[in-house]
Structure formats: C-alpha cells, structure tokens
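K.L.:
Sequence first, predicted model second:
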Amino acid sequence: MEAVLDAPDSTASRPALRLRVTGLVVLGLFVVLGLRLWTLQVLQAPAAVNAVTANQIRAVSVIPSRGLILDRYGNPLVNNVSTTEITLSRNAATQNPDVVGRLAALIGETSAQVKAAVADARYSLYKPVPIMANAPVADVLYIKEHPGEFPGVASAQISERNYPQLEYPGPAQDGYPASQVLGYVGNINAAELKSRTPLGYQTGDPFGQSGLEYQYESDLHGIPGQQQLEVDSTGHVVGTLKSVPATPGDNIVTNIDTGLQEVADNALASQIGTLRNHIDPNCNNKTGCYPAATGGAVIVMDPRTGAVLASSSFPSYNPSIWVGGISNAAYNALKDPANNLPQIDRAIGGVYTPGSTFKLSTATAALNAGLWNATDTYNDTNTFIVPGCKANSGATGCILHDAIGDSGGILNISQALTVSSDAFFYNLGALFFDQSAAYGQTPIQSQAAQYSLGQLTGIDLPNESVGRVDSLAERQKLHAQAPAAFPNTQWYTGDNVQMAFGQGATVITPIEQAVAYSTFINEGTRYAPQVAAAVVSPSGAVVKKIAPQVTGHVSLPATTYQPLLAGFEGVVQSPNGTASGAFQGSLFPSVDLAGKTGTADTVQGKEPTAWFVGFTTTPQYVVVCVIDQAGYGAAASAPVVRTIFDYLAAHPVGPAAIPPGNSVIQSTTPVPLITTTTTAPGAGTSTTTTTTVPAGGAPA
C-alpha cells in the first residue's frame, strides 16, 4: 500500500486553490443576491407600488342624480328633492358598539334594526351606511351637538324621488296620477346587477322596478362618478384623493296631459265608488244587488300617432311609499289580495271579456270578406237558434237570447251596431262557420289579430299582458295547460257564434282595445301606443325624439269603413243608440262623437264586465273605459268616458313641448285640479270640469 499511496504528509498542500474556489462561490452568491435586489427594486418596483397603492386606495361609485319624468308640457310628474340622511360608519360601529344603541334610541328604531342596516351587503364597505332617510332636523342637530356620543354618525344631503302632483279628494286621493305607468325606484337586485355591472352599476344603486322608471332606466340613471378614497390598514377611510362628479340622468318627456290624467283618475275612481254604493236593479235576474266593481281602467289615446294621453288604473297607490324604503305594513297592503292589488296596471295588464265591443272585428270581417253587404238586413226577433245544435253535444246552449233591453227589428249592419243587436252577430258567427270552406276556419280571429286583439301592442311599458281570441287552437292550448279548467277541445257552431259577439274564452286588455279602435279611426293604420315622447338632457338638448311606430294595417275600404262608422256614431247620436242617454247634454259636440258599448258576462252570479269605447274624428281621441263586475256598459262605463270628453271639450290636448321650458320643469306648483261641477246623465255622481290653464302652459 505504501508503494501505491503517498503518506499524508508527503502530499503538497494547495490553500490558494481552495480560497479561489470559495471566493468564486461567495462572489456568485453576491451576484445572485444583487440580481434579485435589482429585480425587486427596478423591474418589479411598479407592481409593488401598485399593490401598496391598491391596499391604500379604494374606488367608490358616486350615484348620479336621476332624470325627471315630465308630462307633455314639461310639468314634473316625478322629480327629485334634496333630503337629509343619517349615516353610520361600519368601523365606528365595530369600535364603539354602544353607538348603535344610542343612535337607535334617538331615531326611534331598535338596535337590531340599526345592526341589520350596518350589516347590509348592498352598501359599500368604504362608505357610511344609510340608517335613516328624511331625518328630522332635531335629530340631525342633536347628533352634531353631541359628537362624542355618536362617533361615526354623520348626516348627508341626498337626492330622492318626489311626486309633486295631486289627486282629487275622495276615492282617488290615495293614488297618484298615472302611478302604475310611472313606476317606482328601489335598490338594484342581484339579477339586475349581474346584467348591469358593465354599465357601471354597483351594489346599492337605485334602479327602476316598474313602469317608465324600469322601461327607460338607461336614460334616467345617468353616468356614475367616482371617488378615490384613502384607507388605513384597518379599512378606515382617512381621506379623499380624487373625485370625478356624476353626470345626471336624462329627462323623459311623456305624452301624458296631467290635467286630463287627473280627470280620468277621478272619473274612474268616483264612478266605481258610486257603483258600489247604488243597487243595480238588473242584477241577479232583476232582484238587484250592489255591484262589486272590483277594479277598472281608462286609456285616452291619440289614434293618429299612438300617443297615450292618459292611463288610469283602479285601485291605485302612491309610489312615494317606496321612497327611503317601504315599510312592512305598506308592502303587505300592496300585496294583499283583499286590496285588489293596486300595483297592477290594469290598462295593460288586466284581461277582460270584451262583449259587444268585439263586434268591430266581426263586422269588419263580414264586410271585407263579402259574407255580408252594408244594405243586407236581418230580422232580429230577440231569439236565435244555433243551426245544427243538438242538446248535450258539448256546444253552448242551442237557443240564445238578446241582452235585456235590445229592441230587435229588421236591421242592417250599421243599425245592428247602433242598437248592439246580439242576434245579428250570432247570425254572422253561424254563417262564417257554415261557410268555412269559402271563408276559412278563422276569418273573425284573423281580423281581430290585425286590429291587435290577442296580440302584444308594443307599448313602451314592461309587463304588458296579451289577450286571446277564442278558437279551436286556443281551446286545445288551454286544455293542454289546464285540462280540468278547460275540458272542451272541440269547436262547434255555437262556439263560433259566442266568439262572434265577444264571449266565450276571448279576453283582451284595455290597451289592445284602444289600439283596435284607433286603427279603425285611422282607416286602417295601426300604431304602437307610446307613453314617452322624447328623451331630453338636463341642459335641454333633445337626445332622442320618439317617432310614431306603425305596426300594421287593416284593409278598410269605404264600403266597410263608412257603414261601421255610421253604426258607431249612432251609438251616441241616435235616439235608440245604446249610449245616447249617457251623452245627452255633453259639452263635446255630439256630431263628432261615436262609440261602442259592451257588457260581457263572466262568472255566473257576478255582475258583467262593463265597457265603453268612445272616439271622435275631429279632433281625434279614443277613450276606453272598462270596469269589472260593474253591470251594463252604457250605465257603468259610458259616464266615465262622457266626463273625459266634457273635459276635452274645454281643454283640448296641445302639442308636446320638446324640449320643455326650464321654468316649467322646475315648477313646484301642482297642476290645478278641476273646480266647476257638472253632472253626466246616468252617471249617478257629479263630475268636474274647469277653464283653469294647467301649470306649464297647457292650452285652455
């Protein structure tokens, strides 16, 4: 072994080599460390600064002032008022828990209510939480005078919705003009936020929940501003670094005439109150009863454009109950069926059997198809035997009778409309059924659809219901949805007869009815009903003018139009017209008035649904009134329409002010209510008219 290996002390030592290796290793470590420090301090410094800044700065949205909703002259239907809000900082509530109890005691709430508000996830973590809206001045002053007792409690000026117009004393006083049309505003919900986040919406933002507030939310909302808040490590706001102001929302100019709207609201509410308190001698086989008159609607339209000049729904409510958060009692009252659900806009959401008002469609179909001529006559004996009807066949009754009071006689189609002969239209329904090979299976239904019946009208409001016109296809569809409620899947002569005069399973909305008769007056041009007329910026610039929208056409040659018009004019102007009594002494020139009554049986033992459609040719207005479970259309609904036309005689609707005058928009004086009293024959109640010019320059 000694020959192979040197002894340890015989190998030369090499300390210099070891030192060099060690030095290189140390140098390499310093190089790596230096590179790492350079990377952190130079390359990654901006990211680090941003991260630190993000930990210190929070961006908070600034809610814009909401746009106004104005009538056609610029009078504010919905505006904003500045009010004082009491707020509480979340951090302060955590660090000083006693402040919750003291604040609750001061404002008359429980500690649990204040704690729930502080914990509400709808509000930003970096903004004080609103505790009380419309705070009393005394409470605000007390908090300011005792800051030591209320750490983190502050007051702030906020903008809230305000409703400056009035309703009449009496049945209408708990409502507000066109309340269901206007809608209301609440905090944005999760589903709405999900779809609107890219548009700048944040948790807690106001959002239109119904009516115009919802339909034109994007215009009314405005553009949010932003505050950059500096916060400490605990999340406490210590300052504001930057503030970008919000841009107010645009104003919506509507087609509504506020004075006319108030008259319509009052006429409908007053008539319903009168009906409920007066015995109808024709009820219950002429034993008499007090009509339930559960609700109703009125629509006033300009048929030349589709402009909705007024829209009333009863029962109504005042949307101010939503301002600052609705109380449990008020919310429960809105949703209680015993109160007949006042939030429903019955003008677009209620569906009613049309009765004789449907005869417009049947008469048009008969003349257009050549089934009947204007000079053809029918002998109405007040009784009609359904051709080919067999007992227990599943069809309607084989022997049908005219409504009580029908005069009968030998009638052409104009006279049949004037006296509302049921048998005349029973006969047309039977003829169409028997001659289906020549005229098709659904000639009346197709004509009704052209008039918009059973179709969405396209009105610029959410939640429009769609009616239906009875047919074999509708029967089968209803049976598939609810077999027990709709067992009949066949279509007999009797069914066609019932449909021809507006009974059976046919139901329509008041807005469909208004569009149908407007289309007739236009001699065939159908317009979508429009509530809004324009979008105008806060500075007065017109952002968008909403033009009339044609949605269809009905063929109405003179051979069809003139006989029907003569019949409708006779309803009001002829001594034997079904509504002549209601319009005796009308302030509106009688030569310009026409209309159609409708009395629709619905549920056995209940009063019929009462309809009246009134219209004029010069100037052009269409007024529709429907009252559920009210009795005869001539006695229950025609007086409401008469009252509205009396008002229009003295106060014709003027052109929309686009853009409206700034002084009108900012007016705090409500449009005057009506003062001069007149009585419509057959109405059973006084109605009111006046010559006062509404605020904002509406024409006298």
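P.N.:
In hand now; what should we look at? Numbers count the residues shown, from 1 in each chain.

K.L.:
All the helices of the stretch 301-450 of the chain, residue numbers only.
P.N.:
328-335, 346-349, 359-369, 413-419, 422-434, 436-439, 443-450 (DSSP state H, counting those that start in this stretch).

K.L.:
Which stretch among those is buried most, on average?
P.N.:
Across the helices of the stretch 301-450 of the chain, averaging neighbours per residue (mean count of other CB atoms under 10 Å) puts helix 346-349 on top, at a mean of 27. In short, each C-beta sits where N, CA and C put it, glycine included.

K.L.:
How far off centre is that helix?
P.N.:
From the chain centre to the centre of helix 346-349 is a distance of 8 Å (CA atoms, centre = their mean, to the nearest Å).

K.L.:
do you know which of the helices of the stretch 301-450 of the chain lies nearest residue 631?
P.N.:
helix 422-434 (16.8 Å; CB to CB).

K.L.:
relative orientation of the closest one and helix 359-369 in degrees?
P.N.:
50 degrees (axes from the mean of the first three to the mean of the last three CA atoms, to 10 degrees).

K.L.:
what does stretch 539-547 contact?
P.N.:
Applying CB atoms under 8 Å, 6 or more residues apart in numbering, the contact partners of stretch 539-547 are 219, 250, 460, 530, 532-537, 658-659, 662.

K.L.:
Among the residues you listed, which ones are in strands?
P.N.:
532-536 (DSSP state E).

K.L.:
Widest-spaced pair of those?
P.N.:
For the ones in strands among the contacts of stretch 539-547, the maximum inter-member distance is 10.6 Å, found between 532 and 536 (CB to CB).

K.L.:
biggest separation within the contacts of stretch 539-547, which pair?
P.N.:
Those two in the contacts of stretch 539-547 that are separated most widely, counting by CB to CB, are 460 and 662, at 25.2 Å.

K.L.:
quick one: which of the two has more around it?
P.N.:
residue 460 (18 against 12; other CB atoms under 10 Å).

K.L.:
what comes up buried for stretch 596-613?
P.N.:
596-600, 606-613 (16 or more other CB atoms under 10 Å).

K.L.:
actually stretch 257-265, not the one I typed
P.N.:
257-265.

K.L.:
now, which of the residues you listed sits nearest residue 587?
P.N.:
Using CB to CB, residue 263 comes nearest to residue 587 of the buried residues of stretch 257-265, at 12.4 Å.

K.L.:
Just list what the helix or strand the closest one falls within packs against, helices and strands only.
P.N.:
For residue 263, the host element (DSSP states H and E) is helix 258-276. Helices and strands touching helix 258-276, by 3 or more CB pairs under 8 Å, 6 or more residues apart in numbering; DSSP states H and E, are strand 295-302, strand 307-314, strand 620-628, helix 638-650, strand 686-689.

K.L.:
Kindly check the end-to-end length of stretch 133-141 for me.
P.N.:
In stretch 133-141, first residue to last residue: 15 Å (CA to CA, to the nearest Å).

K.L.:
avg pLDDT for that stretch?
P.N.:
In this model, stretch 133-141 carries a mean pLDDT of 87.

K.L.:
these two touch, right, residue 667 and residue 71?
P.N.:
No: with contacts counted by CB atoms under 8 Å, residue 667 stays clear of residue 71, the gap being 11.1 Å.

K.L.:
more neighbours, the two?
P.N.:
Remark: of residue 667 and residue 71, residue 71 carries more neighbours, 32 against 17, as counted by other CB under 10 Å.

K.L.:
Could you find the closest non-adjacent residue to the more buried one?
P.N.:
residue 258 (4.5 Å; CB to CB, 6 or more residues apart in numbering).

K.L.:
How about residue 142?
P.N.:
The nearest residue in space to residue 142 (CB to CB, 6+ apart) is residue 106, at 6.6 Å.

K.L.:
count of neighbours near the one you found?
P.N.:
20.

K.L.:
Wasn't it part of a strand?
P.N.:
No: remark: residue 106 does not belong to a strand; assigned using DSSP: H, G, I helix; E, B strand; the rest coil, it is helix.

K.L.:
pLDDT on stretch 179-190, on average?
P.N.:
Here the average pLDDT along stretch 179-190 is 94.

K.L.:
Filter the buried residues of stretch 596-613 down to just the ones in strands.
P.N.:
Reading strands off the buried residues of stretch 596-613 with DSSP E, I get 596-600, 609-613.

K.L.:
picking that back up, can I get the helices of the stretch 301-450 of the chain in CSV with distance to residue 582 and mean pLDDT?
P.N.:
Shown next, in CSV, are the helices of the stretch 301-450 of the chain (distance: least, CB to CB, whole Å; pLDDT from 0 to 100):
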stretch, distance to residue 582, mean pLDDT
helix 328-335, 34, 91
helix 346-349, 21, 98
helix 359-369, 19, 98
helix 413-419, 14, 97
helix 422-434, 20, 96
helix 436-439, 36, 96
helix 443-450, 26, 98
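
K.L.:
of these, which approaches residue 92 most closely?
P.N.:
Of all the helices of the stretch 301-450 of the chain, helix 328-335 sits nearest to residue 92, with 27.9 Å by CB to CB.

K.L.:
Which strands or helices does the closest one pack on?
P.N.:
Secondary elements touching helix 328-335 (3+ CB pairs under 8 Å, 6+ apart): none.

K.L.:
Give me the contact list for it.
P.N.:
With contacts defined as CB under 8 Å, 6+ apart, helix 328-335 is touched by 317, 321, 339, 341-343.

K.L.:
Got a quick ChimeraX command for the buried subset of those?
P.N.:
Buried members of those, defined by 16+ other CB under 10 Å, are picked up in ChimeraX with:
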select :317,321,342,343
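
K.L.:
Let me know the closest of the contacts of helix 328-335 to residue 367.
P.N.:
The closest of those to residue 367 turns out to be residue 341 (CB to CB; 40.5 Å).

K.L.:
Tell me who's in contact with that closest one.
P.N.:
Residue 341 touches 315, 334-335, counting by CB under 8 Å, 6+ apart.

K.L.:
between the residues you listed, which is closest to residue 87?
P.N.:
residue 334 (27.9 Å).

K.L.:
Roughly how far does that closest one sit from residue 208?
P.N.:
According to CB to CB, to the nearest Å, residue 334 stands 17 Å off from residue 208.

K.L.:
Kindly report the same for residue 472.
P.N.:
Taking CB to CB, one finds residue 472 at 41 Å from residue 208.

K.L.:
ok, those two, which is more surrounded?
P.N.:
Each of residue 472 and residue 208 has its neighbours counted (other CB under 10 Å); residue 208 has more, 23 against 16.

K.L.:
Now that one: phi and psi?
P.N.:
For residue 208, the backbone dihedrals (degrees, to the nearest 10) come out as phi -60, psi 130.

K.L.:
Surely residue 282 is in contact with residue 630?
P.N.:
No: contact criterion CB under 8 Å: residue 282 and residue 630 do not qualify, at 11.6 Å.

K.L.:
What residues does residue 381 make contact with?
P.N.:
Residues in contact with residue 381 (CB under 8 Å, 6+ apart) are 408, 423.

K.L.:
Tell me, how many residues neighbour residue 116?
P.N.:
So residue 116, with other CB under 10 Å, has 11 neighbours.

K.L.:
Just the buried residues of the helix ranked longest in the chain, please?
P.N.:
The single longest helix within the chain, with elements called by DSSP state H, is helix 15-38. When neighbours are counted by 16+ other CB under 10 Å, no buried residue of helix 15-38 is found.

K.L.:
roughly how far is that helix from the heart of the chain?
P.N.:
Using CA atoms, centre = their mean, the offset of helix 15-38 from its chain centre is 79 Å.

K.L.:
which residues are in contact with stretch 435-455?
P.N.:
354, 358, 360-362, 364-365, 368-369, 371, 429, 432, 466-472, 496, 499-500, 506, 508, 512-513, 515-516, 519-520, 526, 551-554.

K.L.:
do that again at 6 Å, thanks
P.N.:
361-362, 364-365, 369, 432, 467-469, 471, 500, 508, 512, 515-516, 519, 554 (CB atoms under 6 Å, 6 or more residues apart in numbering).
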